[in-house]
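A.B. asks: need a structure here:
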Amino acid sequence: KKIEAMGANIIHLYGLTETFGPYTLNFANGKNKFAISADKSKQGFPYIHTQNGLKVLNPCGEEVPADGVSVGEIVMRSNGVTSGYYKDEIATEEAFKYGWFHSGDLGVMHPDGQIEIKDRAKDMIISGGENVSSQEVENTIMEHPDVLEVAVVSTPDNYWGEVPKAFVTLVDGSLATEIDIIEFCKERIARFKAPKYVEFCDLPKTATGKIQKFNLREREWSSWRVE
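C.D. replies: Predicted structure coming up:
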(Lines give C-alpha, C1' and ligand atoms only; values in the text may rest on other atoms or scores of the structure.)
Protein backbone atom coordinates (compact mmCIF):
# COMPACT_ATOMS: atom_id res chain seq x y z
CA LYS A 1 0.00 0.00 0.00
CA LYS A 2 2.85 2.38 0.89
CA ILE A 3 4.88 1.55 -2.21
CA GLU A 4 1.99 1.86 -4.64
CA ALA A 5 1.21 5.27 -3.13
CA MET A 6 4.61 6.28 -4.56
CA GLY A 7 3.46 5.30 -8.06
CA ALA A 8 4.77 1.74 -8.35
CA ASN A 9 2.66 -1.21 -9.48
CA ILE A 10 3.33 -4.28 -7.35
CA ILE A 11 3.24 -7.72 -9.00
CA HIS A 12 3.36 -10.42 -6.33
CA LEU A 13 5.15 -13.69 -7.13
CA TYR A 14 5.79 -16.60 -4.78
CA GLY A 15 8.23 -19.45 -5.00
CA LEU A 16 11.26 -21.07 -3.43
CA THR A 17 14.73 -22.13 -4.49
CA GLU A 18 13.37 -25.67 -4.66
CA THR A 19 10.74 -24.62 -7.20
CA PHE A 20 13.34 -22.93 -9.42
CA GLY A 21 11.74 -19.53 -9.03
CA PRO A 22 8.15 -18.25 -9.05
CA TYR A 23 5.44 -20.86 -8.55
CA THR A 24 2.39 -18.63 -8.15
CA LEU A 25 1.27 -15.25 -9.50
CA ASN A 26 -1.11 -12.82 -7.84
CA PHE A 27 -4.04 -11.19 -9.60
CA ALA A 28 -5.52 -8.29 -7.63
CA ASN A 29 -9.30 -8.11 -7.93
CA GLY A 30 -10.04 -5.41 -5.36
CA LYS A 31 -12.19 -2.43 -6.36
CA ASN A 32 -10.67 0.10 -3.96
CA LYS A 33 -7.18 0.80 -2.68
CA PHE A 34 -7.63 -1.05 0.60
CA ALA A 35 -9.15 -4.11 -1.11
CA ILE A 36 -6.41 -4.15 -3.74
CA SER A 37 -3.66 -4.08 -1.11
CA ALA A 38 -5.39 -6.94 0.75
CA ASP A 39 -5.68 -8.94 -2.49
CA LYS A 40 -2.08 -8.29 -3.45
CA SER A 41 -0.89 -9.57 -0.08
CA LYS A 42 -2.03 -13.06 -1.13
CA GLN A 43 0.45 -15.32 -2.90
CA GLY A 44 -2.06 -15.90 -5.69
CA PHE A 45 -2.78 -18.59 -8.28
CA PRO A 46 -0.44 -21.30 -9.58
CA TYR A 47 1.20 -20.84 -12.97
CA ILE A 48 -0.36 -22.81 -15.84
CA HIS A 49 2.34 -25.49 -15.72
CA THR A 50 1.82 -25.97 -11.98
CA GLN A 51 -1.96 -25.60 -11.62
CA ASN A 52 -2.52 -29.22 -10.57
CA GLY A 53 0.49 -29.22 -8.30
CA LEU A 54 -0.44 -26.85 -5.51
CA LYS A 55 -2.28 -27.77 -2.32
CA VAL A 56 -2.58 -26.88 1.35
CA LEU A 57 -2.38 -29.98 3.55
CA ASN A 58 -3.03 -30.62 7.23
CA PRO A 59 -0.53 -32.68 9.30
CA CYS A 60 -2.31 -35.90 8.21
CA GLY A 61 -1.74 -35.15 4.52
CA GLU A 62 -5.36 -34.15 3.83
CA GLU A 63 -6.37 -31.02 1.95
CA VAL A 64 -7.74 -28.27 4.18
CA PRO A 65 -11.09 -26.69 3.20
CA ALA A 66 -10.76 -23.88 0.66
CA ASP A 67 -12.35 -21.39 3.03
CA GLY A 68 -9.56 -18.86 3.49
CA VAL A 69 -9.45 -19.74 7.19
CA SER A 70 -8.25 -23.33 7.66
CA VAL A 71 -4.45 -23.33 7.97
CA GLY A 72 -2.14 -26.03 6.63
CA GLU A 73 1.23 -26.36 4.94
CA ILE A 74 1.63 -25.24 1.33
CA VAL A 75 2.90 -28.12 -0.81
CA MET A 76 3.92 -28.40 -4.48
CA ARG A 77 4.40 -31.06 -7.13
CA SER A 78 5.35 -30.43 -10.76
CA ASN A 79 8.20 -30.84 -13.23
CA GLY A 80 9.54 -27.52 -11.97
CA VAL A 81 10.07 -28.76 -8.42
CA THR A 82 13.36 -30.25 -7.27
CA SER A 83 13.54 -34.04 -7.03
CA GLY A 84 15.51 -33.92 -3.79
CA TYR A 85 18.44 -32.55 -1.83
CA TYR A 86 21.94 -33.44 -2.98
CA LYS A 87 23.33 -36.39 -0.99
CA ASP A 88 20.80 -35.87 1.81
CA GLU A 89 18.26 -38.68 1.81
CA ILE A 90 16.87 -37.81 5.24
CA ALA A 91 16.07 -34.20 4.29
CA THR A 92 14.62 -35.37 0.96
CA GLU A 93 12.34 -37.92 2.62
CA GLU A 94 11.12 -35.37 5.14
CA ALA A 95 10.50 -32.69 2.50
CA PHE A 96 8.54 -35.05 0.23
CA LYS A 97 6.18 -36.58 2.78
CA TYR A 98 2.92 -37.78 1.18
CA GLY A 99 4.56 -37.39 -2.26
CA TRP A 100 4.48 -33.58 -2.21
CA PHE A 101 7.26 -31.06 -1.64
CA HIS A 102 6.63 -29.32 1.67
CA SER A 103 7.44 -25.63 1.53
CA GLY A 104 7.57 -24.98 5.27
CA ASP A 105 5.05 -22.16 4.73
CA LEU A 106 1.77 -22.27 6.62
CA GLY A 107 -1.15 -20.82 4.69
CA VAL A 108 -4.77 -21.05 3.60
CA MET A 109 -6.54 -21.84 0.36
CA HIS A 110 -9.17 -19.30 -0.66
CA PRO A 111 -12.43 -20.33 -2.38
CA ASP A 112 -11.21 -18.81 -5.68
CA GLY A 113 -8.06 -20.96 -5.67
CA GLN A 114 -5.59 -18.40 -4.37
CA ILE A 115 -3.21 -19.31 -1.57
CA GLU A 116 -2.16 -16.95 1.19
CA ILE A 117 0.76 -17.46 3.53
CA LYS A 118 0.05 -16.93 7.21
CA ASP A 119 3.55 -17.65 8.52
CA ARG A 120 6.61 -19.82 8.22
CA ALA A 121 6.10 -22.96 10.31
CA LYS A 122 9.26 -22.18 12.27
CA ASP A 123 8.10 -18.60 12.92
CA MET A 124 4.68 -19.47 14.34
CA ILE A 125 4.47 -18.45 18.01
CA ILE A 126 2.51 -20.72 20.37
CA SER A 127 1.60 -18.59 23.36
CA GLY A 128 -0.42 -20.28 26.10
CA GLY A 129 -1.63 -22.87 23.59
CA GLU A 130 -2.80 -20.23 21.08
CA ASN A 131 -1.17 -19.85 17.66
CA VAL A 132 0.11 -16.36 16.93
CA SER A 133 1.22 -15.59 13.37
CA SER A 134 4.35 -13.45 13.48
CA GLN A 135 3.43 -12.21 10.00
CA GLU A 136 0.01 -11.00 11.16
CA VAL A 137 1.61 -9.05 14.00
CA GLU A 138 4.28 -7.63 11.66
CA ASN A 139 1.66 -6.51 9.13
CA THR A 140 -0.28 -4.77 11.90
CA ILE A 141 2.78 -2.96 13.23
CA MET A 142 3.75 -1.89 9.71
CA GLU A 143 0.47 0.07 9.53
CA HIS A 144 1.83 2.41 12.21
CA PRO A 145 2.96 5.59 10.44
CA ASP A 146 6.19 5.81 12.48
CA VAL A 147 7.39 2.28 11.66
CA LEU A 148 9.93 1.73 8.89
CA GLU A 149 10.69 -1.99 9.41
CA VAL A 150 9.69 -4.71 11.85
CA ALA A 151 10.40 -8.33 12.69
CA VAL A 152 8.42 -10.34 15.24
CA VAL A 153 9.81 -13.47 16.92
CA SER A 154 9.05 -15.53 19.99
CA THR A 155 10.67 -14.74 23.30
CA PRO A 156 10.52 -17.00 26.38
CA ASP A 157 7.91 -16.40 29.05
CA ASN A 158 7.70 -18.37 32.29
CA TYR A 159 3.89 -18.28 32.36
CA TRP A 160 2.84 -18.50 28.68
CA GLY A 161 5.83 -20.47 27.42
CA GLU A 162 6.57 -17.92 24.73
CA VAL A 163 5.16 -14.55 23.69
CA PRO A 164 5.63 -12.23 20.69
CA LYS A 165 8.42 -9.68 20.76
CA ALA A 166 8.76 -7.00 18.10
CA PHE A 167 12.03 -5.55 16.85
CA VAL A 168 11.23 -2.22 15.25
CA THR A 169 13.13 0.32 13.19
CA LEU A 170 11.42 3.70 13.37
CA VAL A 171 11.19 6.40 10.74
CA ASP A 172 13.82 9.08 11.30
CA GLY A 173 12.61 11.61 13.83
CA SER A 174 9.87 9.40 15.26
CA LEU A 175 9.19 9.51 18.99
CA ALA A 176 6.99 6.39 19.15
CA THR A 177 7.41 4.34 22.32
CA GLU A 178 7.06 0.68 23.24
CA ILE A 179 3.64 1.37 24.79
CA ASP A 180 2.52 3.19 21.61
CA ILE A 181 3.29 0.15 19.46
CA ILE A 182 1.70 -2.35 21.84
CA GLU A 183 -1.50 -0.34 22.24
CA PHE A 184 -1.67 0.21 18.47
CA CYS A 185 -1.70 -3.58 18.02
CA LYS A 186 -4.26 -4.22 20.76
CA GLU A 187 -6.69 -1.90 18.97
CA ARG A 188 -6.42 -3.91 15.72
CA ILE A 189 -5.85 -7.58 16.55
CA ALA A 190 -6.68 -9.93 19.43
CA ARG A 191 -4.97 -8.60 22.54
CA PHE A 192 -3.06 -11.84 23.19
CA LYS A 193 -1.44 -11.48 19.76
CA ALA A 194 0.00 -8.04 20.54
CA PRO A 195 3.73 -8.04 21.30
CA LYS A 196 4.54 -8.12 24.98
CA TYR A 197 7.85 -6.40 24.33
CA VAL A 198 9.14 -3.97 21.71
CA GLU A 199 12.82 -3.26 21.07
CA PHE A 200 13.91 -0.43 18.79
CA CYS A 201 16.98 -1.26 16.71
CA ASP A 202 18.43 -1.82 13.25
CA LEU A 203 17.41 -5.25 11.99
CA PRO A 204 20.03 -7.86 11.00
CA LYS A 205 19.87 -8.62 7.28
CA THR A 206 21.43 -10.74 4.58
CA ALA A 207 23.41 -9.22 1.70
CA THR A 208 20.17 -9.12 -0.33
CA GLY A 209 18.24 -7.28 2.38
CA LYS A 210 16.29 -10.19 3.87
CA ILE A 211 15.70 -9.84 7.60
CA GLN A 212 17.47 -12.59 9.56
CA LYS A 213 14.77 -13.47 12.07
CA PHE A 214 16.65 -16.57 13.20
CA ASN A 215 19.38 -14.32 14.62
CA LEU A 216 16.83 -12.41 16.67
CA ARG A 217 15.13 -15.62 17.84
CA GLU A 218 18.41 -17.29 18.82
CA ARG A 219 19.43 -14.22 20.79
CA GLU A 220 16.17 -14.27 22.74
CA TRP A 221 16.38 -17.94 23.64
CA SER A 222 20.13 -18.42 24.11
CA SER A 223 20.24 -17.05 27.65
CA TRP A 224 16.81 -18.18 28.86
CA ARG A 225 16.56 -19.85 32.25
CA VAL A 226 13.32 -21.07 33.87
CA GLU A 227 12.59 -19.01 36.96
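A.B. asks: what helix or strand is residue 208 on?
C.D. replies: For residue 208, there is no helix or strand it lies in under DSSP states H and E.
A.B. asks: List phi and psi for it.
C.D. replies: Main-chain dihedrals, residue 208, degrees, to the nearest 10: phi -100, psi 10.
A.B. asks: Which SSE is immediately downstream of the helix or strand encompassing residue 183?
C.D. replies: Here residue 183 sits within helix 178-186, counting by DSSP H and E. For helix 178-186, the succeeding helix or strand toward the C-terminus, using DSSP H and E, is strand 197-200.
A.B. asks: partners of that next one in the sheet?
C.D. replies: strand 161-170 (parallel) (DSSP bridges).
A.B. asks: ok, now how distant is residue 102 from residue 35?
C.D. replies: Distance, residue 102 to residue 35, by CB to CB, to the nearest Å: 31 Å. Where you see a C-beta, it was placed from the backbone N, CA and C, and this is true even at glycine.
A.B. asks: The two: which has the busier surroundings?
C.D. replies: Shown here are residue 102 and residue 35; by other CB atoms under 10 Å, residue 102 has more neighbours (17 against 12).
A.B. asks: In contact with that one, which residues?
C.D. replies: Listed by CB atoms under 8 Å, 6 or more residues apart in numbering, the contact set of residue 102 reads 73, 75, 94, 95, 96.
A.B. asks: and which of these is nearest residue 49?
C.D. replies: Nearest to residue 49 out of the contacts of residue 102 is residue 75 (CB to CB; 16.5 Å).
A.B. asks: Bridge partners for the closest one, pull those for me.
C.D. replies: Assigned bridge partners for residue 75, using DSSP bridges, are residue 55, residue 102.
A.B. asks: do you know how far it is from residue 18?
C.D. replies: 11 Å.
A.B. asks: Identify the contacts common to those two.
C.D. replies: With CB under 8 Å, 6+ apart, residue 75 and residue 18 have common neighbours 101, 103.
A.B. asks: Give the next helix or strand downstream of the least confident helix or strand in the chain by mean pLDDT.
C.D. replies: When the helices and strands of the chain are scored by mean pLDDT, DSSP states H and E, helix 33-40 comes last with a mean of 80. In the C-terminal direction, the helix or strand that comes right after helix 33-40 (DSSP H and E) is strand 45-46.
A.B. asks: partners of that next one in the sheet?
C.D. replies: Counting by DSSP bridges, the strands paired with strand 45-46 are strand 21-25 (antiparallel).
A.B. asks: Tell me where the protein has strands.
C.D. replies: 13-16, 21-25, 45-46, 54-57, 72-76, 101-109, 115-120, 125-127, 130-132, 147-157, 161-170, 197-200 (DSSP state E).
A.B. asks: re the thing from before, most neighbours, which of the contacts of residue 102?
C.D. replies: Using other CB under 10 Å as the neighbour criterion, residue 75 leads those with 24 neighbours.
A.B. asks: Do I have it right that that residue meets residue 57?
C.D. replies: Yes: in terms of CB atoms under 8 Å, residue 75 counts as a neighbour of residue 57; the distance is 5.4 Å.
A.B. asks: Next, count neighbours for residue 144.
C.D. replies: Neighbours around residue 144, by other CB under 10 Å: 19.
A.B. asks: what does residue 178 give?
C.D. replies: Neighbour count for residue 178, taken as other CB under 10 Å: 15.
A.B. asks: what's it in contact with, if anything?
C.D. replies: Contact analysis of residue 178 by CB under 8 Å, 6+ apart lists 197, 198, 200.
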